[in-house]
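Peer 1: Show me the folded form of this:
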Amino acid sequence: MAASIKSNCRKLTLDRSDHIAELNNTKPKQPFFFLKPSSSILCPGEGPVLRPKGTSLHYEVELALVMGKKVRDLDPNDDKGALDAIQSYLLAIDMTARNVQDEAKKKGLPWTIAKGFDTFLPISQEILKSQIPDPHNAFLRLSVNSQQRQADSSGLMLYRIPRLLAEISRVMTLEKGDLVLTGTPKGVGEVKSGDVMKASIEVDGKEIEQGRIEVEVQDREGRYEYCET
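Peer 2: Below you'll find the predicted structure:
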């Protein structure tokens, strides 16, 4: 399962209204998405998340969709077709080099560097569809060093999943094994070397064991160091 996910990774931003407000962003008139490379994926049990030199590293817990078949030009009103195209779910932590992203936004540059470092996408084990009967009715949590930072419902997405998959598939074909993330609640913030992130997902008040993530942050060795473009 991990190998198929690593073959393709597509990240769709479906940020909630409260998260948009905390970052002082403008609410999009339609869904906006960007890509993360497969090399950013950190499979269950792997770690740590590596913080590049000079970056302000932020977490964003998100529900992820694992596509089960090829989808192109999906009808945004075809709820059944959209949900049937999903093979399973994951929990994921979308890591962002926030200062790199902020500069890119200010200068109209791509976000690829800010989102694409190695280890910038820790994921959980596979969650069966039967464990999340309605992906718009799950509860996501993330804590740092046992202090809860994010806790909110997947029902607060700006756009529902059928609309999101329709918007992606009208631009690029979604392939089996593609991973689509669905946005994060408010409460995003910075982590530094030595911090431990834990994430979980619940349905009807019951935690799904396969959806747990626990990963430490460490400083990254190497030649990269952030400096203004």
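Peer 1: First-to-last residue distance for stretch 186-198?
Peer 2: End-to-end distance for stretch 186-198: 16 Å, by CA to CA, to the nearest Å.
Peer 1: Return the set of buried residues in that stretch.
Peer 2: With burial defined by 16 or more other CB atoms under 10 Å, the residues of stretch 186-198 counted as buried are Lys186, Gly187, Val188, Val191, Asp195, Met197, Lys198. C-beta coordinates here come from the backbone N, C-alpha and C atoms, glycine included.
Peer 1: I would like the residues contacting it, please.
Peer 2: Stretch 186-198 is contacted by residues 16, 18-19, 21-23, 49, 51, 56-60, 93, 98, 122, 142-146, 149-152, 212-219 when judged by CB atoms under 8 Å, 6 or more residues apart in numbering.
Peer 1: Take the buried residues of stretch 186-198 and keep only those in strands.
Peer 2: Using DSSP state E, the members of the buried residues of stretch 186-198 that fall within strands are Val191, Met197, Lys198.
Peer 1: got any ranges where the chain has weak pLDDT?
Peer 2: For the chain, applying pLDDT under 70 flags the ranges 1-28.
Peer 1: Do a quick rundown of the helices in it.
Peer 2: Along the chain, counting by DSSP state H, helices occupy 2-7, 17-22, 79-84, 98-107, 112-116, 161-169.
Peer 1: Alpha carbons of the fourth one, as CSV, please.
Peer 2: What follows is helix 98-107 as a C-alpha-only set of coordinates in CSV (Å, rounded to 0.1, in the frame of the first residue of the first chain):
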residue,chain,number,x,y,z
ARG,A,98,5.9,28.8,6.4
ASN,A,99,8.5,31.6,5.9
VAL,A,100,9.4,30.1,2.5
GLN,A,101,5.7,29.9,1.6
ASP,A,102,5.0,33.5,2.8
GLU,A,103,7.8,34.9,0.7
ALA,A,104,6.6,32.9,-2.4
LYS,A,105,3.1,34.3,-1.9
LYS,A,106,4.4,37.8,-1.6
LYS,A,107,6.4,37.6,-4.7
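Peer 1: in that helix, what's buried?
Peer 2: Arg98, Asn99, Val100, Gln101, Glu103, Ala104.
Peer 1: Any chance of JSON lines for those residues, columns distance to Val171?
Peer 2: Output for these, formatted as JSON lines (distance: CB to CB, whole Å):
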{"residue": "Arg98", "distance to Val171": "26"}
{"residue": "Asn99", "distance to Val171": "29"}
{"residue": "Val100", "distance to Val171": "25"}
{"residue": "Gln101", "distance to Val171": "22"}
{"residue": "Glu103", "distance to Val171": "26"}
{"residue": "Ala104", "distance to Val171": "21"}
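Peer 1: Tell me the one among those residues nearest to Val66.
Peer 2: Each of these was scored against Val66 by CB to CB, and Gln101 proved nearest at 25.5 Å.
Peer 1: Could you find the closest non-adjacent residue to the closest one?
Peer 2: If you skip the residues right next to it in sequence, Gln101 has Ala114 as its closest partner in space, 3.6 Å away by CB to CB, 6 or more residues apart in numbering.
Peer 1: if you skip the residues just before and after it, what's nearest to Asp78?
Peer 2: Spatially, and ignoring its direct neighbours in sequence, Asp78 is nearest to Pro162 (6.4 Å; CB to CB, 6+ apart).
Peer 1: got it, and Arg212?
Peer 2: Among residues not flanking Arg212 along the chain, Ser200 sits closest, at 5.4 Å (CB to CB, 6+ apart).
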